[in-house]
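# When you get a sec, could you give me coordinates for this:
(2 chains)
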Amino acid sequence: MLEIENLHKSFGALTVSHDISLSVGAGQCHAVIGPNGAGKTTLIHQISGVLRQDKGRVALDGKDVSALSVWERVQAGLGRTFQITSVLPSFSVLENVATAVQAKNGSSLRFLAAAAREAALNDIAQDILTRVGLGARSGQQAADLSHGELRLLELAIALAGEPKCLLLDEPMAGLGRTESVALIDLLRTLREELPMLLVEHDMDAVFQLADDLSVLVDGQIVARGTPDEVRQNPKARAAYLGEGSG
Amino acid sequence: MDRSLVIGALIFACLLAMPVLLPLVGAEYLTGLLIKAMLLAIAAISLDLIIGHGGMVSLGHAAFIGVGAYAAAIGLESGIENILVLLLLTLVVTGGIALITGALALRTTGVYFLMITLAFGQMIYFTLTSLAAYGGDDGLTLWSLATFFGSDIVQNRGGLYFVILAVLFLSWFGVYRISQSRFGRVLRAARDNPQRAEVMGYPIARYQLIAYVIAALIAGISGLLLVQHAEFVSPSIAAWQRSGDLIVAVVLGGLGTRNGALLGAFFIVIVEELLSSVIHEWRLIYGPLLVLLVLYAKGGLNDLLTPAAQKGR
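As a prediction, this is how the structure comes out:
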């Protein structure tokens, strides 16, 4: 579904991505773990088009998207969430999602009819909110949500774009215990129909969700395999798991 | 019912009744004052589309009033009399210039956008002052005015007041409708969080450019009407200070609200008139008054009239 081949990026003398190749198959969750500063977010930025790679290629569903801009990649089916929660603060929860639904449903070059009253958009948005567990909060202003709810809203916004593949940048960051358990459950049901690339620090989440695991250290993948294989891999243990979070 | 809609309707009802009421109290100069306020309000409403709803602070908006006014004036000087033809000319010229300057200006954001729109505005201003054939710095008095297929309904002695009122109404109604449409929603999303809007799949710069051009077109129309009313045009209407006045009107009235720009424009014109008739150094009072309003009514005049719970946002 998502193929990343020999992605390379440096800022001056600092190489942040060193010939990274990985793939996410249909129905799979591929997790990327690694210590802080390993280049995980930079990797997500390159895949989603926020940063342009120096070399290498990103393909979605067999189609090369490396030259596309951010919004074109989203339109092509590459959804993402942000490490630092990113929503539309002055919009209602429902309108946040409806705005994302709108991008996939008809032209946005309509100037007169009131968008907030379009039942077609609102119904889809409400369904998605119910699905992520925010159904009862749809009338709230996004700025009033708790941190955990904002994470869910971001996920709802990403789902509203009907992605073929989802990039999740540390979705568990800052969540409490019960919130992470709920989110892990949700992502597990989503995984069945939606391939994901998951960048995450929370080892519980990674081992519960991931089919494949890549360990990124200093911009290089030092180990890969199933979660169990990686757990046994001495390089991976030294680089990351040895830090005590396994 | 939405309170902001009621307030808006009341304002328009008053404006509609004024030409009947004013002659009774024998204050015909007030008609001129109201026209001045309405023309400022049309331009301020258009600016609110890009500042209030779009989050793009332009300091060159008055230049489009100037472009519209000069397009109409030069058209008149060349013998075009039909106001619809002049309108078309105004729209084509203003829209073309807005498309080019907007495409360049929108490569920047924030204070850089402000600087580049100021620079374009000043380029337009100095271009107008160098039009020697059309009066240069001194401006141009127009000896013939536009007609509506020969009728003087679009002139001061005809029904120009009502024509301007109708354009004001359409701008007030239209810009708010646009802000609540699918297009406006994308525009507001890009203002709230440009990165988020882009990662929803929107090429936000295109939406912003369209809004910029729409705003310029409306400002251009106010320029055309200004020419009809003043029977005179000079580059000073395009000066950056005029762009500043427009920003003051929008901010003072309440950014991105239904009535904000309308209230702000009327407030400025009326307070200026009142203060300057009482005291010569009226700016000494006007300045602190603005400071107080901005400090204590953060949502602008609109917030004073409309409780936060049912703001017409």
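
# Now do the SS call for the residue nearest the centre of chain A.
Central residue of chain A (CA atoms, centre = their mean): A:Leu168, 2.0 Å from the mean position. Under the three-state scheme (DSSP: H, G, I helix; E, B strand; the rest coil), A:Leu168 adopts strand.

# Looking at strand pairing, list the partners for it.
A:Leu198 (DSSP bridges).

# now it: how far from chain B?
Per CB to the nearest CB, to the nearest Å, A:Leu168 is found 13 Å from chain B. Just so you know, the C-beta spots here come from the backbone N, C-alpha and C atoms, and that holds for glycine as well.

# Need the pLDDT of that residue.
At A:Leu168, the model reports a pLDDT of 94.

# That one and A:Pro195 touch, don't they?
No. Between A:Leu168 and A:Pro195 there is no contact under CB atoms under 8 Å: 11.1 Å.

# Spit out the contact partners of the residue nearest to the centre of chain A.
If you count contacts by CB atoms under 8 Å, 6 or more residues apart in numbering or on different chains, A:Leu168 has them with A:80-81, A:187, A:196-200.

# One more: A:Ala59?
Going by CB under 8 Å, 6+ apart, the list of residues near A:Ala59 reads A:2-5, A:65-66.

# what's the answer for B:Leu142, then?
Residues in contact with B:Leu142 (CB under 8 Å, 6+ apart) are B:73, B:76-77, B:227, B:231-233.

# Residues of chain B that sit close to chain A?
Residues of chain B found near chain A (CB under 8 Å from any CB of the partner chain) are B:177-178, B:180-186, B:188-189, B:192-193, B:195-204, B:207, B:210.

# State the distance from the residue nearest to B:Lys36 when sequence neighbours are not counted to chain A.
Using CB to CB, 6 or more residues apart in numbering or on different chains and skipping the chain neighbours, the partner closest in space to B:Lys36 is B:Val269 (5.6 Å). Distance of B:Val269 to chain A, computed by CB to the nearest CB: 29 Å.

# Kindly report the same for B:Leu170.
B:Leu170 sits 12 Å away from chain A, going by CB to the nearest CB.

# what domains does the record give for chain A?
As assigned by automatic domain parsing, chain A contains the domains A:1-77+A:164-183+A:191-246, A:90-162.

# Report the distance from the longest one to the chain centre.
Pointing back at domain A:1-77+A:164-183+A:191-246 there. 9 Å (CA atoms, centre = their mean, to the nearest Å).

# and what of the last one?
Centroid separation for domain A:90-162 versus its chain: 18 Å, with CA atoms, centre = their mean.

# From start to finish, how long is that domain in a straight line?
24 Å (CA to CA, to the nearest Å).

# Does it reach chain B?
Yes. Applying CB under 8 Å from any CB, one finds domain A:90-162 touching chain B at A:90-91, A:95, A:99-100, A:102-104, A:106-116, A:118, A:157, A:160-161.

# Quick check: closest non-adjacent residue to A:Val70.
A:Gly49 (4.3 Å).

# Residue 135: how many residues sit nearby?
This is for chain A. 14 (other CB atoms under 10 Å in any protein chain shown).

# try again with chain B
Neighbour number of B:Gly135 under other CB under 10 Å is 18.

# sorry, back to before: now which of the contacts of B:Leu142 would you call buried?
Among the contacts of B:Leu142, those scoring as buried are B:73, B:76, B:227, B:233 (criterion: 16 or more other CB atoms under 10 Å in any protein chain shown).

# For the residues you listed, which two are the farthest from each other?
B:Leu76 and B:Val233 (9.4 Å; CB to CB).

# picking that back up, redo the buried ones among the contacts of B:Leu142 as CSV? Include secondary structure and pLDDT.
CSV is the format used below for the buried ones among the contacts of B:Leu142 (DSSP: H, G, I helix; E, B strand; the rest coil; pLDDT from 0 to 100):
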residue, secondary structure, pLDDT
B:Ala73, helix, 97
B:Leu76, helix, 96
B:Val227, helix, 97
B:Val233, strand, 97
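
# Tell me the one of those nearest chain A?
Proximity of the buried ones among the contacts of B:Leu142 to chain A (CB to the nearest CB) peaks at B:Val227, which lies at 27.5 Å.

# Thought B:Ile74 was touching that closest one, still the case?
No. B:Val227 is not in contact with B:Ile74 according to CB under 8 Å; the separation is 10.1 Å.

# Could you give the number of residues near residue 236?
In the absence of a named chain, this looks at chain A. 24.

# sorry, should have said chain B
For B:Ser236, using other CB under 10 Å, the count is 15.
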